[in-house]
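J.: what's the 3D shape of this:
(chains A and B)
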Amino acid sequence: QKEVEQNSGPLSVPEGAIASLNCTYSDRGSQSFFWYRQYSGKSPELIMSIYSNGDKEDGRFTAQLNKASQYVSLLIRDSQPSDSATYLCAVNMWAAGTALIFGKGTTLSVSS
Amino acid sequence: NAGVTQTPKFQVLKTGQSMTLQCAQDMNHNSMYWYRQDPGMGLRLIYYSASEGTTDKGEVPNGYNVSRLNKREFSLRLESAAPSQTSVYFCASHGLAGYNEQFFGPGTRLTVL
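T.: Numbers count the residues shown, from 1 in each chain, chains lettered A, B, ... in the order given. This next block holds a predicted model:
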């Protein structure tokens, strides 16, 4: 069974705080990992991709990957109200070919 | 570059009617995908096309058919719509070998009465 698990939330943080979003996956052979942001009524937007263990930083976003623990996370520093959205974790699992398996998403709410 | 485009944006059908959802990409991508998104269920893959001329079933293919018309276009057809097919449908594409970054179209919101 190919699974990607996320806490549904909502995760509530004050403006300026660090938001931490977590994701676990079932397939140890997974190679590619992605975070998408989805605003209500809109389509998913790719914000981060990570392919190797460790951290990858892009502006206020940091993706962290630990393949041994089958865990990927997204940190959002200096959270802004505009970051309020649903964040989807997606994993390319070996058995899925080129397709991505998505988690159900974590809703983030940033209060001003 | 328009990216990934989808038509229509909204559609209301009656049970048993048929329709085709259109998707096109102008990024010269090889692979294209159709997902549906339902509350509490996340994004689920319906069908995908790894390259022009090939299509494969995803997690929830029943009730749907697809056509990869050419490299740019990938359509999804509902032959006999059912209320269970009420959903938001997203088309996506990716092109770089070894990287599976997918880019999504704006979606089609379908209601089947």
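
J.: where does chain A have low pLDDT?
T.: A:1, A:94-97 (pLDDT under 70).

J.: which residues in it form strands?
T.: A:4-5, A:11-14, A:19-25, A:32-38, A:45-50, A:54-58, A:61-66, A:71-76, A:85-92, A:101-102, A:106-111 (DSSP state E).

J.: tabulate the ones you listed (a markdown table), appending distance to residue B:13 and mean neighbour count.
T.: Bear in mind the C-beta positions are built from the backbone N, C-alpha and C, glycine included. Shown next, in a markdown table, are the strands of chain A (distance: least, C-beta to C-beta, whole Å; neighbours: other C-beta atoms under 10 Å in any protein chain shown):
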| stretch | distance to residue B:13 | mean neighbour count |
| --- | --- | --- |
| strand A:4-5 | 31 | 18 |
| strand A:11-14 | 36 | 14 |
| strand A:19-25 | 35 | 20 |
| strand A:32-38 | 25 | 23 |
| strand A:45-50 | 28 | 18 |
| strand A:54-58 | 41 | 11 |
| strand A:61-66 | 39 | 18 |
| strand A:71-76 | 37 | 20 |
| strand A:85-92 | 27 | 25 |
| strand A:101-102 | 26 | 23 |
| strand A:106-111 | 30 | 18 |
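
J.: let's have those strands in a markdown table, adding distance to residue B:10.
T.: Formatted as a markdown table, those follow (distance: least, C-beta to C-beta, whole Å):
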| stretch | distance to residue B:10 |
| --- | --- |
| strand A:4-5 | 29 |
| strand A:11-14 | 31 |
| strand A:19-25 | 31 |
| strand A:32-38 | 18 |
| strand A:45-50 | 21 |
| strand A:54-58 | 34 |
| strand A:61-66 | 32 |
| strand A:71-76 | 31 |
| strand A:85-92 | 21 |
| strand A:101-102 | 23 |
| strand A:106-111 | 24 |
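
J.: now those in CSV, with distance to chain B?
T.: CSV is the format used below for the strands of chain A (distance: least, C-beta to the nearest C-beta, whole Å):
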stretch, distance to chain B
strand A:4-5, 8
strand A:11-14, 17
strand A:19-25, 12
strand A:32-38, 5
strand A:45-50, 5
strand A:54-58, 13
strand A:61-66, 13
strand A:71-76, 14
strand A:85-92, 4
strand A:101-102, 4
strand A:106-111, 11
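
J.: next, the contact list for residue B:13, please.
T.: B:19, B:78, B:81, B:110-113 (C-beta atoms under 8 Å, 6 or more residues apart in numbering or on different chains).
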